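K.L.:
Fold the following, please.
(one chain, ligands or ions: 2)
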Amino acid sequence: MLNPDRDVLVAIDVQNDFCPGGALAVTDGDAVIAPINALGEKFSHLVVTQDWHPAGHLSFASSHPGKEPFSQTELAYGAQTLWPDHCVRGTDGAAFHKDLVLDGVELVIRKGFRGEIDSYSAFFENDRKTPTGLAGYLKERGLQRVFLAGLATDFCVAFSAVDAAALGFETFLIEDACRAIDLDGSLDAARKAMAEAGVRTVSSHAL
Ligand code: VGL
Ligand code: ZN
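P.N.:
Numbering: from 1, shown residues only. Ligands and ions are numbered 1, 2, ... in the order given. Alright, predicted model coming up:
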């Protein structure tokens, strides 16, 4: 049973570059749009995130001569997967998918906007210390239960879910409203991390 005063739907990175034809396309990424739009009508609070990188971002393989996309490197804050150039701020790839209904959105959190640091989670940048402000926003608004959907299950959605649970929010992953990249077992690892953090999974049809 949803409670309009304390529940928030957080839709992660439903952007062109993560959808079919995009620079970092997630298989069936656009399949999350219909369930998210339907859920948007059931929640009174809707927050979305937008991956928003400057050109030449340090998470791009192209910023590391000789390195391939999807390989690993070490940055100042630790391990970082290198990605194809994606979600460059102001480009069509960084725009929300045109079918995503944004009318009810009360907050857009942009992340990864600093050149030297990536940000998977909606709550902390990849140094795992720098807050985005979302936790403070939700707490000030009295929102206690966080329902997550979007792209990609095993990166930005999972990092957001684990952080939400660690911050004390009751946290749910809406499984049919997410799609994964699944790189070298990343989906299994993400599922395990979410389960250990106490994240529960639900189907959008149950809400
Ligand atoms: C994401 C990789 C790089 C995501 C964002 O939204 O899951 N993944 N940037
Ligand atoms: Zn990114």
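
K.L.:
dump the residue contacts of Cys44.
P.N.:
Careful, residue 44 is Ser; it's not Cys. Applying Cβ atoms under 8 Å, 6 or more residues apart in numbering to Ser44 gives the contacts 4-5, 7. Any C-beta I mention is one placed from the backbone N, CA and C, and that applies to glycine too.

K.L.:
again with Leu143
P.N.:
6-8, 45, 169.

K.L.:
Recalculate using a threshold of 10 Å.
P.N.:
By Cβ atoms under 10 Å, 6 or more residues apart in numbering, Leu143 lies in contact with 3, 5-8, 10, 44-45, 47, 137, 169.

K.L.:
quick one: which of these has the most company?
P.N.:
Val10 (29 neighbours; other Cβ atoms under 10 Å).

K.L.:
pLDDT wise, what is the nearest residue to it once chain neighbours are set aside at?
P.N.:
Distances taken as Cβ to Cβ, 6 or more residues apart in numbering place Val47 nearest to Val10, at 4.8 Å, with adjacent residues excluded. Here the pLDDT value assigned to Val47 is 98.

K.L.:
what separates Val47 from Phe123, distance-wise?
P.N.:
11 Å (Cβ to Cβ, to the nearest Å).

K.L.:
ditto for Asp99
P.N.:
Asp99 is 27 Å from Phe123, by Cβ to Cβ.

K.L.:
Give me the more crowded residue out of these two.
P.N.:
Using other Cβ under 10 Å, the more surrounded residue of Asp99 and Phe123 is Phe123, with 29 against 12.
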